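Peer 1: Fold the following.
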Amino acid sequence: MNALMGGGLLCAVSGLVLLIVATATDFWMQYRHAGSPSNQGLWRFCVAGKCHAHTITIAFWDATRAFMLLSILSCFASIILALTAFSGGAKSPRLRSAGITLLVAGFFALLAVSVYTGVTVNFFGKRYADWRFSWSYILGWIGVILTAAAGILHIFAFSRNDSQETVVASNG
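Peer 2: Okay, the predicted model is just below:
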């Protein structure tokens, strides 16, 4: 059980770090604007090496930002729950709560990158001929996978321990 719990915690911490880095950096998309290499993130865009804050509020940026921030907060809360579950062992209900919260964090991150993907492909993909998703965006997707995997590991550790206790009780 401790191996599942430890693996889940490692995935959760790694996912949290990647989600924070993805949210904070400016490389969700790279493109050429007037012949200059450009990139954009959730908070600002950079053209010819000079970065500027997004001055207009576009709903998809707000939605992506909000879902990424909710994902980060949920992931952080689940790590705290998982750490406190170690003191209670694998039968701690906090372990199941941590798993569910991690799945919620993964779902929020999935919503964020999905919204960004849809709008980027349909709007920016048609506006700029030479564009691509960049490393911040990819880190967001890896964060989705890690947080979901961590949630599954925590829930599996809880349910496996619960089923082992039932077997021991019926044999004892």
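Peer 1: Tell me where the chain has strands.
Peer 2: For the chain, strands defined by DSSP state E occupy the ranges 29-33, 36-40, 44-47, 50-53, 131-133.
Peer 1: Run the chain-centre distance for the shortest one.
Peer 2: Once both centres are worked out by CA atoms, centre = their mean, to the nearest Å, strand 131-133 turns out to sit 20 Å from its chain's centre.
Peer 1: now the strands of the chain in JSON lines, with mean neighbour count?
Peer 2: Every residue, glycine included, has its C-beta placed from N, CA and C. Shown next, in JSON lines, are the strands of the chain (neighbours: other CB atoms under 10 Å):
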{"stretch": "strand 29-33", "mean neighbour count": "18"}
{"stretch": "strand 36-40", "mean neighbour count": "18"}
{"stretch": "strand 44-47", "mean neighbour count": "17"}
{"stretch": "strand 50-53", "mean neighbour count": "10"}
{"stretch": "strand 131-133", "mean neighbour count": "16"}
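Peer 1: What distance do you get for Ala22 to Leu83?
Peer 2: Computed as CB to CB, to the nearest Å, the Ala22 to Leu83 distance reads 23 Å.
Peer 1: Compare neighbour counts for these two and give me the winner.
Peer 2: Set Ala22 next to Leu83 and count neighbours by other CB atoms under 10 Å: Ala22 wins out with 28 against 15.
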